[in-house]
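Colleague: pasted the sequence and its predicted model underneath.
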Amino acid sequence: MNRTAMRASQKDFENAMNQVKLLKKDPGNEVKLKLYALYKQATEGPCNMPKPGVFDLINKAKWDAWNTLGSLPKETARQNYVDLASSLSSSLESSSQVEPGTDRKSTGYETLMVTSEDGITKITLNRPAKKNAINVEMYHEIMRALKAASKDDSSITVLTGNGDYYSSGNDLTNFTDIPPGGVEEKAKNSAILLREFVGCFIDFPKPLIAMVNGPAVGISVTILGLFDAVYASDRATFHTPFSHLGQSPEGCSSYTFLKIMGPAKATEMLVFGKKLTAGEACAQGLVTEVFPDSTFQKEVWTRLKAFAKLPPNAMRISKEVIRNREKEKLHAVNAEECSVLQERWLSDECMNAVVNFLSRKSKL
Ligand SMILES: CCCC/C=C/CC(=O)SCCNC(=O)CCNC(=O)[C@H](O)C(C)(C)COP(=O)(O)OP(=O)(O)OC[C@H]1O[C@@H](n2cnc3c(N)ncnc32)[C@H](O)[C@@H]1OP(=O)(O)O
């Protein structure tokens, strides 16, 4: 077909936008910028935004992408958007089809490894090259894995990390994927995602155990207050640098940490960002027990296998008795923390911290 003769209709354009929303795999920042630019050109014409400041990296990248399209006609931009969306959905869908029998196919997860044996479902955060930072896909996959584990025939569930880190917390590049509705829509969507994510931990019905194999940061630390036991390697550290990042506590930590360690110690962690060693976290009640790294796996698995032999219904009911009267309170705390964070994510303090990390000017 002669491509220059093709003209995408408004309906084709809307379908393409839906296709992009439904992509199962992240197409990467470069492609997302192209999509953004074509969308803006197709709907508003040539770039009409003032050029953002040099330190406003995210908006500057978006401005550059849009401005590069010059005076490309709206209809051509619309057609190019439709072509790009259609090529993405075929290439990304086909690349996610793997040989039967491979690990990916058997687990169906991109960012996790999930296994189930000896009565234990083990969920392993599996982005070791990114220190197991939790991107949007991983938030969704953890929720899916928890829902599956709550219904499978295992009696306990374990969360751990692959590589040297347990998790570096929220993937800060999550903040760069800005939808057409802008940063407000991004903040709103993130608050909805966070609330649902933390809600899955509040409601998880079976004993949930964390094996903290290395440093833990941000949300990977705060949700530990919702676990039933936390075993840590002596290499692990626990760090919630919310003020440094212009953010505020989540994962119900504004409630659970106060109960676990008292307001003074909780404030040191949640407000001043004090990093705890595994020994300190154990002394303050956040960690159940610390093991030397050299024997961590062996000792903890021996213990978990023994736990998994206990009658599963008794364990589930005991957890219910211990935890249920707190559930309503925890959901209310979760909702409040998410709504405060929704505002925080729009603050200059937060945006500058994210830009500084992404432009490699800062690390924790
Ligand atoms: C939608 C719900 C939102 C819920 C909100 C939750 C709040 C939080 O979780 S706050 C915590 C956010 N986390 C951070 O601020 C950690 C940022 N990372 C770092 O400071 C450092 O990477 C590190 C101290 C964790 C590790 O430093 P190290 O020198 O050992 O390794 P790096 O070379 O920095 O890391 C390797 C690789 O991994 C990338 N990476 C690590 N952590 C993150 C992260 N949190 N987000 C995005 N990317 C991360 C890092 O950029 C490197 O990538 P490249 O190899 O591509 O350069």
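Modeller: Perfect, thanks for sending it.

Colleague: burial count for N132?
Modeller: 30 (other CB atoms under 10 Å). C-beta coordinates here come from the backbone N, C-alpha and C atoms, glycine included.

Colleague: distance of it relative to R7?
Modeller: Plainly put, N132 is 46 Å away from R7 if you go by CB to CB, to the nearest Å.

Colleague: again, but for K21
Modeller: 23 Å.

Colleague: could you do E337 as well?
Modeller: Taking CB to CB, one finds E337 at 48 Å from R7.

Colleague: so for the two, which sits in the more crowded spot?
Modeller: Higher neighbour count among E337 and R7: E337, with 23 against 11, using other CB under 10 Å.

Colleague: give me the number of residues near the nearest residue in space to that one that is not next to it in sequence?
Modeller: Leaving out its chain neighbours, the residue that sits closest to E337 by CB to CB, 6 or more residues apart in numbering is E250, at 4.9 Å. Per other CB under 10 Å, the neighbour tally for E250 reads 27.

Colleague: quick check: bridge partners of the residue most central in space within the chain?
Modeller: For the chain, the residue nearest the mean C-alpha position is I134 (3.4 Å; CA atoms, centre = their mean). Beta bridges link I134 to N170, judged by DSSP bridges.

Colleague: give the contact list for it.
Modeller: 125, 142, 167, 169-171, 219-220 (CB atoms under 8 Å, 6 or more residues apart in numbering).

Colleague: ok, now with 10 Å
Modeller: Contact analysis of I134 by CB atoms under 10 Å, 6 or more residues apart in numbering lists 111, 125, 127, 141-142, 167-171, 174, 197, 218-220.

Colleague: with respect to pLDDT, which of those ranks lowest?
Modeller: On pLDDT alone, N174 ranks lowest of the contacts of I134, at 93.

Colleague: how many neighbours does the residue in the chain that the ligand sits nearest to have?
Modeller: Closest to the ligand within the chain is G218: 2.2 Å, counting by CB to the nearest ligand atom. Residues within reach of G218, counting by other CB under 10 Å, total 24.

Colleague: that one touches S168, doesn't it?
Modeller: Yes. Contact criterion CB atoms under 10 Å: G218 and S168 qualify, at 7.4 Å.

Colleague: mind listing the shared neighbours of those two?
Modeller: When CB under 10 Å, 6+ apart defines a contact, the residues bordering G218 and S168 alike are 133-134, 239, 364.

Colleague: show the buried residues in these.
Modeller: 133-134, 239 (16 or more other CB atoms under 10 Å).

Colleague: now the shared contacts of G218 and S168 in TSV, with distance to T76 and pLDDT?
Modeller: Below are the shared contacts of G218 and S168 laid out as TSV (distance: CB to CB, whole Å; pLDDT from 0 to 100):
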residue	distance to T76	pLDDT
A133	38	98
I134	39	98
H239	49	98
L364	45	79
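
Colleague: where in this protein is pLDDT low?
Modeller: 1-6, 54-55, 90-107 (pLDDT under 70).

Colleague: the strands in it, which residues?
Modeller: Here the chain has its strands, by DSSP state E, at 112-117, 120-125, 156-161, 208-212, 216-217, 229-233, 237-239, 276-277, 289-291.

Colleague: name the stretch among the ones you listed that sits most buried.
Modeller: Greatest average neighbour count among those goes to strand 216-217 (a mean of 27), per mean count of other CB atoms under 10 Å.
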